Every structure is written in C-alpha cells, then in structure tokens.
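# any chance you can model this:
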Amino acid sequence: MLLDGLHLPLTTPFYSDGRLNVPKLEHNVARYSKTPVAGLVALGDSAESTLLSEEETRRVLRSVVGAAADEKVLIAGVSRDSVVGTLDLAGWAAEFAYDAVLVRRPSIFQACTRAGSVKELLTYFQAVADRSPLPVILWSGAPQDGPLLPVEAIVELSGHPMIVGLVDGSGDLVRQERLKVGTAEVKRDVTVTAVFAAVTRRMRAQRGAGELISASTLTDGGAALAVTPTKVVAKTRTKVVGFQILAGRVDGMLEGVKAGAVGAMPGFAAAAPQACYEVLAAWKDGDEGLAREKQERLADVAKRVERDMGVAGIKFGCDLNGYFGGWPRLPLLPLAGAERAEIEGLMQGMRH
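Numbers count the residues shown, from 1 in each chain. Down below sits the predicted model:
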C-alpha cells in the first residue's frame, strides 16, 4: 500500500447527550473526500476511540467506508492492549475494506522500563503482523504522550512483510536519520495507478456480472437480479517503495520529508486539511522556502490547538472550517469561551 501524501486523522462526532453521531461523521468524511488529502484515518489518536464501545467502534469503521471516496486510502486504528483484541478489530477493518491498520504501543507498556519489556513489545507487534489481514503501520507518538518506540525495535520490525510503515511524532531529526539509515534495505513493490497514486482495496473491488441477489430483497418476490459491476482501475503499474514513514506532527512535516518521509499524519489536519496539504505540496513542487513559510504559519497554531487544548481544540477547529466537531465525550470537557475565542483568532487565516 502506497502511503504518499497527507493522511487525515478523523475526529468522532457525538450528539449533545453523548451518543455517537453517525450522520455528522459521514458528512465530515464526504467533505474531506473532496479535499486533496491522500487518505483518512478512522479511530486514530484524536478520535476518542478508547471512549467508544465495541459496537460503536464497528459503526464508525463501517460509516467511514460508506462515505469515503474510493480513491482515498483508508486506515483504521485498531490498537488494543492484547494481541487478540487488536486482531479482532483488524478483522473488522478488513471486512469493511480498509487498506491498512494503525497499531501503537499497548498502554500496559507505556511506563514499562524493566528488562525484557522491549522483547515483549516486539512480540506484540510481530504477533499482530503475523496474523493481520491488512498491512500494518506502526504508530509512535510525541514524547509527551509516553515512551517512543525504540529505533532498534522499529528497524527490526521493518523487515516484516506485513509492516509497511511508521507514523513518527517525535520531531527528532537525529532519530529520523537513524530510522532512514536503519530501514534503507527494505524494498517492496506496491500497485499504483498510471499517475503513481495509491490503488485502494475499494478501487480493486469488482462484482462479477454473474453475481446474483434475490429480487425478494427489493420487492415482494421474484427472480434473481444481476448486480452491475462496480468501476475498477483501468490501468495500474508497480512502484518500488521502502519502509514508508509519515511525520506525525505539523511542526515536523517539512523536516520529515527532507529526511525521507513520504507524507504526514498530523492530528491538526482534521481542522485545517488544506493548510496542512499546502506544506507538502510546496515541497513536492520544489519550493522549500514556501513550504517552510507555510509550516511556520501553521506550527504555533497547531501546537496551541492540538497539543495544549487536545481533542476539544481540534474539534472546535473543525467547527470553524465547516466540519462537524462538536463537544468531546465525557469525561473530556469542551473549551471555555476564552479558549474558543483564542482559536478563532489563531485560525483566522486558515478558514475555508
């Protein structure tokens, strides 16, 4: 699976009484699908996924697929503390036609520094990758969120045929260079379109002309009906890629791609997808000065909205740009009036 470009971590909308708001989630996904982002991430770090029930989790996964454009890469956050739980959710993601799963360090290892903990961490990721029905992307968040995945562990895991990449939120250039050197020998063939864009599982999907459904499901009985084949990719080709790394924070996007990253997955992209995309677009066009200017304009805003105010800040930023953010689910609290006014001022030049 090709991971080039900007991948947008979705938030999870709720009604004012705390119930899951599926129509607003579908509205957001449909609107994000019209932006130039390469992919959408369900149940990522800003999706309040730990506050969802198992049934709500499945509803989110199903709803995102139903509303997303076929050409958008879909990634599902499936992290659970147990291998069994993670694989169970990965199975649902595969059934709903996601393209890859995002897996982070289990919470039981967050503060674990005893001897043998790295071995247990490797065992967790290897066991998940061995049985995952979808390609696995590792997630290593910002330092303030807990211990980073060790570089040595990532390098070892990069050789697994089902582990295709990493989202790195460290912002550490030395670390990124070590990752680049350590994974340099990894080479894989991926299927892409004629213009070297990702080919998603939904684009590959095709129902045979002979597949039948019962007319009784549509009327009050009768003969079977042939299902019209869905549109498929007309022409594909193969591209050789390495171990694909995505920058996990706004202030590290440019530094990440300079160090070899293929794209980015910052949480703030949910509130300002176009502004985040423009940093990568300027770099791709060969204008590093413009890319840096755009990133610097974003960095302080993203830090205040995402890092300081968290999910509530990102959701209010979504509200300002026509996506439904709404309130977070309890025990998380919405922003106070002064905080909302501050974000409105900070994002004044990012409205669209």
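
# helices and strands around the helix or strand hosting Gln126, which ones?
In the assignment (DSSP states H and E), Gln126 maps to helix 117-131. With contacts defined as 3 or more C-beta pairs under 8 Å, 6 or more residues apart in numbering; DSSP states H and E, the packing partners of helix 117-131 are helix 83-95, strand 136-140, helix 151-157. In short, each C-beta sits where N, CA and C put it, glycine included.

# Ala299: which of these is closest?
Minimum separation from Ala299 across these (C-beta to C-beta) falls at strand 136-140, 20.0 Å.

# gap between the closest residue to Val78 other than its chain neighbours and Thr11?
The spatially closest residue to Val78, leaving aside those adjacent along the chain, is Leu89, at 4.0 Å (C-beta to C-beta, 6 or more residues apart in numbering). Distance from Leu89 to Thr11, counting by C-beta to C-beta, to the nearest Å: 19 Å.

# same question, Lys294
Computed as C-beta to C-beta, the Lys294 to Thr11 distance reads 23 Å.

# those two - which one has more neighbours?
Each of Lys294 and Thr11 has its neighbours counted (other C-beta atoms under 10 Å); Thr11 has more, 26 against 22.

# so what's the more buried one up against?
Going by C-beta atoms under 8 Å, 6 or more residues apart in numbering, Thr11 touches Asn28, Ser46, Ala47, Glu48, Ala270, Val311, Ile314, Lys315, Cys318, Gly325.

# at 10 Å what do you get?
Shown in contact with Thr11 (C-beta atoms under 10 Å, 6 or more residues apart in numbering): 24-25, 28, 44, 46-48, 267, 270-271, 311, 314-315, 317-318, 323-326, 328.

# picking up where we left off before, so of the helices and strands packed on helix 117-131, which one's packed in deepest?
strand 136-140 (a mean of 24; mean count of other C-beta atoms under 10 Å).

# now the angle from that one to helix 117-131?
Here strand 136-140 runs at an angle of 150 degrees relative to helix 117-131 (axes from the mean of the first three to the mean of the last three C-alpha atoms, to 10 degrees).

# same for strand 136-140, what does it pack against?
strand 73-77, strand 100-104, helix 117-131, helix 151-157, strand 163-168, strand 244-247 (3 or more C-beta pairs under 10 Å, 6 or more residues apart in numbering; DSSP states H and E).

# what is the end-to-end distance of stretch 40-54?
20 Å (C-alpha to C-alpha, to the nearest Å).

# mean confidence for it?
For stretch 40-54, mean pLDDT is 96.

# ok, now stretch 152-167?
97.

# just for the protein, where's the confidence low?
Within the chain, the stretches with pLDDT under 70 are 110-116, 206-234, 351-352.

# can you tell me the centre-most residue of this structure?
Centroid-nearest residue in the chain, with C-alpha atoms, centre = their mean: Val41, separated by 2.9 Å.

# in terms of contact, does it touch Ile137 like I think?
Yes. Val41 is within contact range of Ile137, at 9.4 Å (criterion: C-beta atoms under 10 Å).

# and for those two, which residues touch both?
Residues touching both Val41 and Ile137 (C-beta under 10 Å, 6+ apart) are His7, Ile75, Ala76, Gly77, Ala100, Leu102, Val167, Met265.
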